[in-house]
Every structure is written in C-alpha cells, then in structure tokens.
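A.B. asks: Could you look at this predicted model? Sequence included:
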Amino acid sequence: MISTRGRYAIRLMIDLAEHDQGSCVPLKDIAERQGISKKYLEIIVKELVSAGLLIGASGKGGGYRLCRKPEEYTVGEILDLMEGKLCSVACLAGAQNDCPRKQECRTLPMWTEYDNMVHDFFYSRRLSDLVNTKSS
C-alpha cells in the first residue's frame with residue numbers, strides 16, 4: 001500500500017509542475033491548493049530537496065521548484081524515495097527478510113513477477129503524464 005507520504009509527494013510535484021513560472025512556489029500556496037498541512041509538506045519537501053528532486057530557496061521569493069522538466073521525472077523514482085522499495089511480500093523486501101523456504105517456494109516467482117509489473121508501471125509513468133489531468 002502506498003502511504004499518504006508517497007501520495008502527497010506526487011501531488012506536491014504535480015502542483016509544482018502546474019504552477020511553474022520560472023520562480024519558486026511558496027509551500028503555503030501548495031498546502032492551500034492541495035488541502036495538505038504545511039507542516040506535513042515541510043517534511044516531504046526536505047526529503048525531496050535532499051534527494052535532488054527539488055530546489056528550495058528561503059527568504060523573500062522563496063519556496064520550491066522542480067530541478068528538471070516534468071517529463072524527466074518518473075512516478076517510480078518519487079515513490080521509491082518516499083516509500084522505499086515497494087514489495088508485495090516480506091521475503092522480497094531485502095536480505096534482512098530472507099526466507100528459509102526461498103529455494104522451494106512455489107509462489108515466489110508469482111510475487112516477483114507481480115512486483116516487477118508494479119515497478120515497471122510506476123517507472124513508465126512520468127510526472128508530465130499527471131500534470132493537468134483530472135479524475136473522471
């Protein structure tokens with residue numbers, strides 16, 4: 001399951017892409033448009049800036065902006081940053097969860113295929129695909 005943190009990070013990135021006029025967008029404006037607490041967004045942007053996905057500026061005219069064009073971001077990279085590796089079952093989440101039944105597990109190939117489909121789905125979606133789209 002994708003957490004609110006991951007979903008809000010995507011909404012924040014979409015908002016920045018939609019309101020890009022060459023200058024930084026104040027976080028309070030994003031919070032207001034998105035109906036998300038500014039405090040919660042501060043936590044999210046800090047991580048996005050640290051990872052090099054956003055540029056932040058303080059002071060007058062401060063705020064945030066994208067480092068790249070929207071078509072150069074994948075939804076997958078945003079989710080991986082916010083959520084970590086998305087896995088359907090614990091035994092695929094890393095070495096610390098290595099399952100002793102891994103060699104004889106008949107379901108592991110199915111879970112691996114499913115996780116690969118999820119990965120490929122999110123990495124095939126660009127931020128630009130989500131800009132200015134409305135749900136039906």
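C.D. replies: In hand now; what should we look at?

A.B. asks: Please count neighbours and contacts with C-alpha atoms only from this point.
C.D. replies: OK.

A.B. asks: can you tell me the helix or strand for the most centrally placed residue in the chain?
C.D. replies: In the chain, the residue lying closest to the centroid (CA atoms, centre = their mean) is Ile78, at 2.6 Å. Element membership of Ile78 [criterion: DSSP states H and E] is helix 75-83.

A.B. asks: So which bits of stretch 118-135 are buried?
C.D. replies: Neighbour counts over stretch 118-135 (16 or more other CA atoms under 10 Å) mark 118-119, 122-123, 126-128, 130-131 as buried.

A.B. asks: from the middle of its chain, how far away would that stretch be?
C.D. replies: Distance of stretch 118-135 from its chain centroid, counting by CA atoms, centre = their mean, to the nearest Å, is 11 Å.

A.B. asks: which other residues reach that stretch?
C.D. replies: For stretch 118-135, the external contacting residues (CA atoms under 8 Å, 6 or more residues apart in numbering) are 13-15, 17-18, 70-77, 86.
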